[in-house]
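**Student:** have a look at this prediction, sequence included:
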Amino acid sequence: MSQGKHENGTTGTRPETLELRLVAAPANDVTPAPANDVAPAPALGVAGAARRGPLGLPRVYWVLWTGMLLNRLGGAVFMLLGIYLTRDRGLTTELAGLVISLHAAGGLFGGPIGGALADRFGRRATLVAGTAFAGLLMLALGLARSTAAIVAIAPCLGFFTGLCPAPLQAAVADLVPPADRTRAYGLLYWAINLGFAGASAFGGVLAAHHFILLFVIDAATTLGYGAIVLFGVPETRPAPSDGATAARRPGLRLAAPFRDRGFMSFVAIQVVLLVAFAQVILALPLDMRAHGLGTAEIGWLLGLNGVAIVVLQPLALRIIRGAAPVRWLVAGALLTGLGLGATALAGGALVYVLSALLWTMGEIGFSTASPTLVAELAPVHQRGAYQGTYQLAWGVSSTAAPVIGSLVLARGGSAALWLGCLGLGVAAAGLHLRVTARNVRAAEAARAS
């Protein structure tokens, strides 16, 4: 369920047309990037890698797209992890929430570090390392039987999983011209949810009988994703420009996005929204079970989110073409809050279905607006660092949400939790409308001058 778009106002020129050269160049052979905010895609050292593929997007982009789709097809574990920990491993609801929060805490560190590594060592190397360790640790988590082992593995798995999104998002920005990035990020998000829908279809059924298979499948698809990147994706990172010399030091590379006040205010507002949205990870399945739904039924209902995105996302990409991303952030925050708030009325599967459609439309809105906005605000040589820092919004919210949600469910009941989510969604919409819109206008004026 993880991001979006707006037109780049940095320069009036489009990236240069890539020249195909059948030469034996190293995988990280790239052309120098200009010092402005829009760099041409690098001259990839694999013959034909720069050719256009379906829908006019680069073929290497579609290799990344395919790898992500495969990875998400095996991602049914975390939808049902709370149930696995409480039912199969005998953990309390509060302890299960802590384990999931520890996993998210690992990702909290993994996002910025993964972005910095992608800027320093390359997108390809960071993705291969992240997927290799994440796949092995996922298998270890499925085989762990003691509570201590589960608690120890969870944050390590989260860290290496968290390494991967920033280099992927940065690679898309490297490969795709600014005018096509909204479409490219939208299609990538569509692939993520297509895989999620497929995983949900069989995840609940497998979990009812052999939960370990979910861990094995997730590990296999994660390792497969890494293999696709290793053998099918050349390095895309632009060579550092003269103006990027100061940012080559790791500490400066990590810190640079934090000095951008406009960008960090956007990240902070997203945390408010995503704390509410992340309740679907743990609190929503537990609430469904408390209302008498079985594991297979829960899996299908959660899978409705992915199915709805698969159906609605292409329509949204047509509608939002040329629209300001802040409007979609605001609309997405409102719909997310309304959908989660409606869950307070839940008494059967129908209400869960209707509420899920609302918060899914909200997810499409804010996830479509976010990554393109980040890519275009980031300096070329810091794309990974900015994307990794944006992952903090997901990391912080995913760390806090399971603990908050499980505590509120246990002590205040489901109505208090879902009405609180409604309030967070409305608050985030208002802040984006007032603060983010102002900062975007200021950034556009600065670039124009």
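**Tutor:** Sure, I can see it. Residues are numbered from 1 along each chain as shown.
**Student:** by mean pLDDT, flag the weakest helix or strand of the chain.
**Tutor:** helix 250-255 (a mean of 65; mean pLDDT, DSSP states H and E).
**Student:** Trp328 contacts Ser367, doesn't it?
**Tutor:** No: the pair Trp328 / Ser367 is not scored as a contact, 9.1 Å apart, by Cβ atoms under 8 Å. Yep, even glycine has a C-beta here, placed from its N, CA and C like the rest.
**Student:** picking that back up, ok, then the element right after the least confident helix or strand of the chain?
**Tutor:** Next along the chain after helix 250-255, taking DSSP states H and E as the criterion, comes helix 261-277.
**Student:** how about the CA coordinates for that following helix, as PDB?
**Tutor:** Taking Å, rounded to 0.1, in the frame of the first residue of the first chain, the C-alpha atoms of helix 261-277 are listed here in PDB:
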ATOM      1  CA  ARG A 261      12.200  22.900   6.100                       C
ATOM      2  CA  GLY A 262       9.500  22.800   3.400                       C
ATOM      3  CA  PHE A 263      10.300  19.100   2.600                       C
ATOM      4  CA  MET A 264      10.400  18.100   6.300                       C
ATOM      5  CA  SER A 265       7.000  19.800   7.000                       C
ATOM      6  CA  PHE A 266       5.600  17.700   4.200                       C
ATOM      7  CA  VAL A 267       7.100  14.600   5.900                       C
ATOM      8  CA  ALA A 268       5.700  15.500   9.300                       C
ATOM      9  CA  ILE A 269       2.200  16.000   8.000                       C
ATOM     10  CA  GLN A 270       2.300  12.700   6.300                       C
ATOM     11  CA  VAL A 271       3.200  11.100   9.600                       C
ATOM     12  CA  VAL A 272      -0.100  12.400  11.000                       C
ATOM     13  CA  LEU A 273      -2.000  10.800   8.100                       C
ATOM     14  CA  LEU A 274      -0.100   7.600   8.000                       C
ATOM     15  CA  VAL A 275      -0.500   6.900  11.800                       C
ATOM     16  CA  ALA A 276      -4.200   6.600  11.000                       C
ATOM     17  CA  PHE A 277      -3.700   4.700   7.700                       C
END
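**Student:** Thr147 contacts Arg89, correct?
**Tutor:** Yes: with contact defined as Cβ under 8 Å, Thr147 counts as touching Arg89 (7.3 Å).
**Student:** and for Phe258, the neighbour number?
**Tutor:** 14 (other Cβ atoms under 10 Å).
**Student:** now do the contacts for the nearest residue to Ser397 once chain neighbours are set aside.
**Tutor:** Using Cβ to Cβ, 6 or more residues apart in numbering and skipping residues adjacent in sequence, the residue nearest Ser397 is Leu274, 3.5 Å away. If you count contacts by Cβ atoms under 8 Å, 6 or more residues apart in numbering, Leu274 has them with 393-394, 396-398, 401.
**Student:** give the buried subset of the residues you listed as a PyMOL selection command.
**Tutor:** This is the PyMOL syntax for the buried subset of those, where burial follows 16 or more other Cβ atoms under 10 Å:
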select buried, resi 393+394+396+397+398+401
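**Student:** pLDDT, secondary structure and distance to Leu431 for the contacts of Leu274 - can I get that in CSV?
**Tutor:** CSV is the format used below for these (pLDDT from 0 to 100; DSSP: H, G, I helix; E, B strand; the rest coil; distance: Cβ to Cβ, whole Å):
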residue, pLDDT, secondary structure, distance to Leu431
Ala393, 85, helix, 13
Trp394, 81, helix, 17
Val396, 82, helix, 16
Ser397, 84, helix, 15
Ser398, 76, helix, 20
Ala401, 85, helix, 18
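**Student:** okay, the contacts of Leu274 in JSON lines with distance to Ala129 next?
**Tutor:** Below are those laid out as JSON lines (distance: Cβ to Cβ, whole Å):
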{"residue": "Ala393", "distance to Ala129": "23"}
{"residue": "Trp394", "distance to Ala129": "20"}
{"residue": "Val396", "distance to Ala129": "24"}
{"residue": "Ser397", "distance to Ala129": "25"}
{"residue": "Ser398", "distance to Ala129": "22"}
{"residue": "Ala401", "distance to Ala129": "28"}
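**Student:** between the contacts of Leu274, which is nearest Val280?
**Tutor:** Ala401 (9.0 Å; Cβ to Cβ).
**Student:** and that closest one, what is it in contact with?
**Tutor:** Counting by Cβ under 8 Å, 6+ apart, Ala401 has contacts 101, 104, 274-276, 278-279, 281-283.
**Student:** only the buried subset of those, as a ChimeraX command please.
**Tutor:** ChimeraX command restricting these to the buried ones, with burial defined by 16+ other Cβ under 10 Å:
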select :101,104,274,275,276,278,279,281,282,283
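**Student:** quick check, nearest of the contacts of Ala401 to Arg52?
**Tutor:** Out of the contacts of Ala401, the member with the shortest distance to Arg52 (by Cβ to Cβ) is Leu274, at 34.6 Å.
**Student:** from Val267, how far out is that closest one?
**Tutor:** 10 Å (Cβ to Cβ, to the nearest Å).
**Student:** chain center to stretch 361-380, what's the gap?
**Tutor:** 10 Å (Cα atoms, centre = their mean, to the nearest Å).
**Student:** typo on my end, stretch 150-169
**Tutor:** 12 Å.
**Student:** give the buried residues for it.
**Tutor:** 150-151, 153-169.
**Student:** residue contacts, the nearest residue to His432 once chain neighbours are set aside?
**Tutor:** Closest residue in space to His432, ignoring its immediate chain neighbours: Leu329 at 4.5 Å, by Cβ to Cβ, 6+ apart. Counting by Cβ under 8 Å, 6+ apart, Leu329 touches 365-366, 369-370, 429, 432, 436.
**Student:** so can I have TSV of those showing secondary structure, distance to Gly142 and pLDDT?
**Tutor:** Compiled in TSV, those are given as follows (DSSP: H, G, I helix; E, B strand; the rest coil; distance: Cβ to Cβ, whole Å; pLDDT from 0 to 100):
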residue	secondary structure	distance to Gly142	pLDDT
Gly365	helix	35	85
Phe366	helix	32	88
Ala369	helix	35	80
Ser370	helix	31	86
Ala429	helix	39	94
His432	helix	39	90
Thr436	helix	40	84
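**Student:** between these, which is closest to Ala324?
**Tutor:** Ala369 (8.8 Å).
**Student:** count of neighbours near the closest one?
**Tutor:** For Ala369, using other Cβ under 10 Å, the count is 30.
**Student:** if I look at it, how far off is Asp180?
**Tutor:** Distance from Ala369 to Asp180, by Cβ to Cβ: 16 Å.
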